[in-house]
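1. task: produce atomic coordinates for the following.
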Amino acid sequence: MYSGMKNKKQIKPEKQFEQLVRAWCIQNNIWVDVFDSKATFTERGVYKTQGLPVGTPDLIGFNKQGKFVALELKAPELEVIPSLQQWNYIAKAIDSTCFAMVVNSLEDLSETYKKWQEIIEDRNKIAYLRSKLPKKAYIKGPKGSRKVVELIPA
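-> Reported below is the predicted structural model:
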């Protein structure tokens, strides 16, 4: 190997998982695109968004029936704790009869989507996806601090 060549950068587990989910979406006739929303604290301690609003899911698109799809991805094998803004976005999408969820397992995504498609009435679809929402979320504080809060089901 040429000594001046650098090793290829390792792909982070989150990005590997994103690639798997995107491939699953293609196989299931779901068109999605990747969206990055960022926010940082200013020197004065103000939380400032950059680009998309904080809480915007990682993958957004629609299925072949025209239903909006929103997926917030979390690293596999870890406890699923989205930010409160991410949780609220997913909950609002669900309440609008969209397919939306916080995902850290391809198997769970596949099972959830299959069952969601089998449910006929919108109110039952909403109840099913709401039952799959994480029971915790975190609130960001200054300098990267996080406070985990328990959520009470609606």
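2. and the host helix or strand of residue 21, how far from the chain's centre?
-> Using DSSP states H and E, residue 21 sits in helix 13-27. Computed by CA atoms, centre = their mean, to the nearest Å, the chain-centroid distance of helix 13-27 equals 12 Å.
3. what's the answer for stretch 89-106, then?
-> When distances are taken as CA atoms, centre = their mean, stretch 89-106 is centred 8 Å away from the chain's centroid.
4. returning to what we had before: right, and the helix or strand after the helix holding residue 21?
-> With elements assigned by DSSP H and E, the helix or strand that comes after helix 13-27 is strand 30-34.
5. gap between that following strand and the chain center?
-> 12 Å.
6. what angle do it and helix 13-27 make?
-> Strand 30-34 runs at 150 degrees relative to helix 13-27, counting by axes from the mean of the first three to the mean of the last three CA atoms, to 10 degrees.
7. for strand 30-34, packing partners?
-> Under the contact criterion of 3 or more CB pairs under 8 Å, 6 or more residues apart in numbering; DSSP states H and E, strand 30-34 touches helix 13-27, strand 59-63, strand 68-73. Every C-beta, even on glycine, is put in place using the N, C-alpha and C of the backbone.
8. let me have the ones you listed in JSON lines, extended by mean neighbour count, mean pLDDT and distance to residue 119.
-> Shown next, in JSON lines, are those (neighbours: other CB atoms under 10 Å; pLDDT from 0 to 100; distance: least, CB to CB, whole Å):
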{"stretch": "helix 13-27", "mean neighbour count": "15", "mean pLDDT": "93", "distance to residue 119": "20"}
{"stretch": "strand 59-63", "mean neighbour count": "18", "mean pLDDT": "97", "distance to residue 119": "14"}
{"stretch": "strand 68-73", "mean neighbour count": "22", "mean pLDDT": "96", "distance to residue 119": "16"}
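9. residue 117: which element?
-> helix 106-118.
10. now the angle between helix 106-118 and whichever helix or strand comes after that helix, please.
-> Using DSSP H and E, the next helix or strand after helix 106-118 towards the C-terminus is helix 122-131. Relative orientation of helix 122-131 and helix 106-118, computed by the same axes, to 10 degrees: 160 degrees.
11. for the helix or strand immediately after helix 122-131 in the chain, packing partners?
-> The helix or strand immediately downstream of helix 122-131 is strand 136-140, counting by DSSP H and E. When contacts are defined as 3+ CB pairs under 8 Å, 6+ apart, strand 136-140 packs onto helix 84-95, strand 146-150.
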